[in-house]
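Visitor: coordinates only, no sequence provided:
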Ligand code: WQD
């Protein structure tokens, strides 16, 4: 059984990928310091797969502690590196936090890859490397633009670090550029757990719909798009997860032509903010009384993926559509509310 180390395995995309790896016969361990994730998702993974994976609660910025995990786990066949901070707005107000966390963590993991001759490495990147593209849909060879935020810059630098590392060493790597991952696993046992007020559109929609937040703003309806709101490529998190398993299989079976290859992970469909809201209202039956506000600084006007490379080379097939994304996101929000009530009830009994 091939052994895969996932960093950030308790996170949104990490947990969904752990499920997909287990379902495809891999042994999985995780390193996640839970600074921005919860072991609650480990329980969800266990409910889905029957497996309770081991998570090492280690800060990847601590090299000695990170090294110790590799020393304890011989024979790792591949690594998927998710662990990073990802809040665009926070990265603007706290750039050093982002450069230190996202880059030091990556470099420490790559030092262990070198130390233990781990042959395969998958890096979690983002469409944010394209900035505001001149032409859409974007392909993997679309020009990179200056990052709109320090978060985006850490993804651009991270890609460069991984590329240079594979040229210098024996490891092969794949960079996966996510578009907008949304939704929840169809079992509704795992999903997104935003910290604080959600910055991203879909969790903002579901928390507004369930009453967790009392207002919701559409950031701008005066863009040069079909309805004035920004265009994005929303992609179900389980589709993103399966692409990671396929990327590892691609490397393990030596199908890669270069030491470092890049794939866009998007549905290939551009959807406006207002269209996404309408889709949610349709599947949930909840009318959203949002307001229109000013544009959000740093927002890209329109971007969506040409995903032909991932569908042909990796054999990746996008399974879930926008309605599935909204439905699973809503059902997950309803489940958390029920669990919170359950927890409150339990606490009530305990107190
Ligand atoms: C989407 C659209 C907002 C909230 C970022 C990162 C990207 C990835 C996903 C990590 C925009 C609008 C949002 C709200 C709104 N992060 N919006 N009201 O900015 O495309 O991508 O998150 O992997 O790397 O850059 O996603 O969901 O924040 O915004 O109108 O309350 O929804 O203005 O047009 P974004 P988003």
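Guide: Alright, I've got the coordinates. Small disclaimer: the values here were computed from a predicted structure and weren't measured.
Visitor: shaky segments in this structure?
Guide: Counting by pLDDT under 70, the chain contains low-confidence residues at 342-343, 345-351.
Visitor: grab the longest helix from it for me.
Guide: helix 322-350 (DSSP state H).
Visitor: which parts of stretch 172-191 are buried?
Guide: By neighbour count with 16 or more other CB atoms under 10 Å, stretch 172-191 contains the buried residues 172-185, 187-191. (Each C-beta comes from the backbone N, C-alpha and C, glycine too.)
Visitor: check stretch 304-315 too.
Guide: 304, 305, 306, 307, 309, 310, 311, 313, 314.
Visitor: quick one: end-to-end distance for it.
Guide: End-to-end distance for stretch 304-315, by CA to CA, to the nearest Å: 20 Å.
Visitor: that stretch: how far from the chain's middle?
Guide: 17 Å (CA atoms, centre = their mean, to the nearest Å).
Visitor: one more: stretch 330-344?
Guide: Using CA atoms, centre = their mean, the offset of stretch 330-344 from its chain centre is 22 Å.
Visitor: same question for stretch 32-39.
Guide: 14 Å.
Visitor: can it be said to contact the ligand?
Guide: No - using CB under 6 Å from any ligand atom, stretch 32-39 stays clear of the ligand, coming no nearer than 12.0 Å.
Visitor: what parts of the stretch 51-200 of the chain come near the ligand?
Guide: 86, 88, 126, 128, 178, 180, 199, 200.
Visitor: residues in contact with residue 198?
Guide: 204, 207, 213 (CB atoms under 8 Å, 6 or more residues apart in numbering).
Visitor: can you get me a residue count around the closest residue to the ligand within the stretch 51-200 of the chain?
Guide: Distance from the ligand to each residue of the stretch 51-200 of the chain (CB to the nearest ligand atom) is smallest for residue 200, at 3.4 Å. Look at residue 200: counted by other CB atoms under 10 Å, it has 16 neighbours.
Visitor: repeat for the one 4 residues further on
Guide: Here the neighbour count serves as a burial measure; for residue 204 (other CB under 10 Å) it reads 20.
Visitor: and the stretch 251-351 of the chain, which residues reach the ligand?
Guide: 273, 296, 299.
Visitor: and with 8 Å instead?
Guide: Neighbours of the ligand within the stretch 251-351 of the chain, by CB under 8 Å from any ligand atom: 273, 276, 290, 293, 295, 296, 298, 299, 300, 303.
Visitor: and for the fourth one, the neighbour number?
Guide: Using other CB under 10 Å, residue 293 has 13 other residues around it.
Visitor: bridging residues for it?
Guide: For residue 293, the beta-bridge partners under DSSP bridges are residue 219.
Visitor: give the contact list for it.
Guide: Counted by CB under 8 Å, 6+ apart, residue 293 has contacts 217, 218, 219, 220.
Visitor: out of the residues of the stretch 51-200 of the chain next to the ligand, what pair is the most spread apart?
Guide: 178 and 199 (15.6 Å; CB to CB).
Visitor: would you map the strands across the stretch 151-300 of the chain?
Guide: 172-178, 180-182, 217-219, 231-232, 234-236, 260-265, 271-272, 291-293 (DSSP state E, counting those that start in this stretch).
Visitor: need those in JSON lines with distance to residue 161, can you?
Guide: As requested, the strands of the stretch 151-300 of the chain are arranged in JSON lines below (distance: least, CB to CB, whole Å):
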{"stretch": "strand 172-178", "distance to residue 161": "10"}
{"stretch": "strand 180-182", "distance to residue 161": "22"}
{"stretch": "strand 217-219", "distance to residue 161": "32"}
{"stretch": "strand 231-232", "distance to residue 161": "27"}
{"stretch": "strand 234-236", "distance to residue 161": "25"}
{"stretch": "strand 260-265", "distance to residue 161": "11"}
{"stretch": "strand 271-272", "distance to residue 161": "32"}
{"stretch": "strand 291-293", "distance to residue 161": "37"}
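Visitor: out of the ones you listed, flag the one nearest residue 40.
Guide: strand 180-182 (18.5 Å).
Visitor: what lines up beside that closest one in the sheet?
Guide: strand 234-236 (parallel).
Visitor: and for the partner strand, what are the contacting residues?
Guide: 178-183, 202, 265-267, 269, 271, 276, 318-320, 322, 324-325, 328.
Visitor: likewise stretch 36-52?
Guide: Counting by CB under 8 Å, 6+ apart, 8, 10-12, 14-15, 18-19, 22-23, 28, 30, 53, 55, 85, 185, 187, 189-190, 193, 195 sit against stretch 36-52.
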